[in-house]
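*Asks:* Sharing a model that was predicted from the sequence below.
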Amino acid sequence: MAEAQIGIIGGSGLYKMDALKDIEEVQIDTPFGSPSDALILGTLDGTRVAFLARHGRNHTLLPSELPFRANIYAMKKLGVKYLISASAVGSLKAEAKPLDMVIPDQFIDRTKNRISTFFGEGIVAHIAFGDPICHNLASVLADAIASLNLADVTLHRGGTYVCMEGPAFSTKAESNLYRSWGATIIGMTNLPEAKLAREAEIAYATLALVTDYDCWHPDHDSVTVEMVIGNLQRNAVNAQKVIQETVRSLSENPPTSDAHSALKYAILTPLDKAPTATKEKLGLLLEKYLK
Ligand SMILES: CSC[C@H]1O[C@H](OP(=O)(O)O)[C@H](O)[C@@H]1O
Ligand SMILES: Nc1ncnc2[nH]cnc12
């Protein structure tokens, strides 16, 4: 059922993409349940893409409730090889200001309650995750931002995204602790997604849209939902331009990615000894290794 090589996951405040043409809504069933919402297949400048609203189009799912495995598996089912996450984040550094964009290259895991592997039930795999973001896809994103010359948008290339559990925002002590670790931004969603995308051999990169200074900055109010959504809406048009330009570039020049062969040396269990039910459940992920 290959339908789109490029997927987009829209986070808080980015529940649809206005530029998509010839839209088709697809309800996708996966061995890991239903995704956050129907996936939207649409065309951007002649290229078919798949869009998913991470929290559902009416923002009905908490970060801890997100069906991360179903979301990534659904993208895999549609044939996605490159996945762009657009996400609202708080800034942990003075120089990353609200309305700036960050393309992080590292994560710190502060989640407590997430399932972030497809494996288990008789099949063991350990993917390499030292470089959790696809460098080549991140470069395409960065080049797209540079080529657009967006007024008032500063891009910060690289940096560490702290992924917290939520849903409450951080305490000041936590926020300052993450600052002392040198982290750049904070959010609640991208780390499990990046891990699962890697297991699914999908290249993943984050376009982080800074909406606030969390709660550490002495000269700025602490983050509120109103602040996040207000600033995200101010940035939504630019974010969509960046995604559109990235898609154009990816379709002209699809980069190589180590993610596309991430399972090659990761699976420990001999597949001929693995439970049939698990092999069937992981179907699409194992397909090429079962031949
Ligand atoms: C609405 S504020 C907190 C919420 O915003 C971010 O969402 P996303 O990553 O989906 O853009 C953050 O991770 C929290 O889920
Ligand atoms: N300060 C913050 N903390 C966690 N997630 C966020 N999303 C946007 N701003 C955030």
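*Replies:* Perfect, I can see it now. Numbering: from 1, shown residues only. Ligands and ions are numbered 1, 2, ... in the order given.
*Asks:* Is ligand 1 within reach of stretch 74-87?
*Replies:* Yes. Interface with ligand 1: stretch 74-87 contributes Ser87 (CB under 6 Å from any ligand atom). Every C-beta, even on glycine, is put in place using the N, C-alpha and C of the backbone.
*Asks:* Can you name the residues of this structure sitting close to ligand 1?
*Replies:* Listed as neighbours of ligand 1 in the chain under the rule CB under 6 Å from any ligand atom: 11-12, 54-55, 63, 87-88, 166, 187-189, 225, 228.
*Asks:* For the one helix or strand Thr246 maps to, buried residues please.
*Replies:* Element membership of Thr246 [criterion: DSSP states H and E] is helix 225-252. The neighbour-count check on helix 225-252 (16 or more other CB atoms under 10 Å) flags 227-229, 231-232, 235-236, 238-251 as buried.
*Asks:* cool, stretch 207-222 as well?
*Replies:* Within stretch 207-222, the residues that count as buried by 16+ other CB under 10 Å are 207-217, 220, 222.
*Asks:* Need the mean per-residue confidence for the helix holding Thr246.
*Replies:* Mean pLDDT, helix 225-252: 96.
*Asks:* Counting by contacts, list what it packs against.
*Replies:* Under the contact criterion of 3 or more CB pairs under 8 Å, 6 or more residues apart in numbering; DSSP states H and E, helix 225-252 touches strand 6-10, strand 39-44, strand 47-53, strand 82-91, strand 101-103, helix 135-148, strand 203-212.
*Asks:* and the angle from the third one to strand 6-10?
*Replies:* Angular relation of strand 47-53 and strand 6-10 on a 0 to 180 degree scale: 30 degrees, by axes from the mean of the first three to the mean of the last three CA atoms, to 10 degrees.
*Asks:* Report all helices and strands that the helix or strand following strand 47-53 contacts.
*Replies:* Next helix or strand after strand 47-53 toward the C-terminus (DSSP H and E): helix 68-77. Helix 68-77 is packed against strand 47-53, helix 190-199, helix 283-286, with contacts defined by 3+ CB pairs under 8 Å, 6+ apart.
*Asks:* give the contact list for Pro31.
*Replies:* Residues near Pro31 by CB atoms under 8 Å, 6 or more residues apart in numbering: Tyr73, Glu280, Lys281, Leu282, Gly283.
*Asks:* What is the burial count for the first one?
*Replies:* The local packing of Tyr73 (other CB atoms under 10 Å) involves 27 other residues.
*Asks:* how close does it get to ligand 2?
*Replies:* In this view, Tyr73 and ligand 2 are 25 Å apart by CB to the nearest ligand atom, to the nearest Å.
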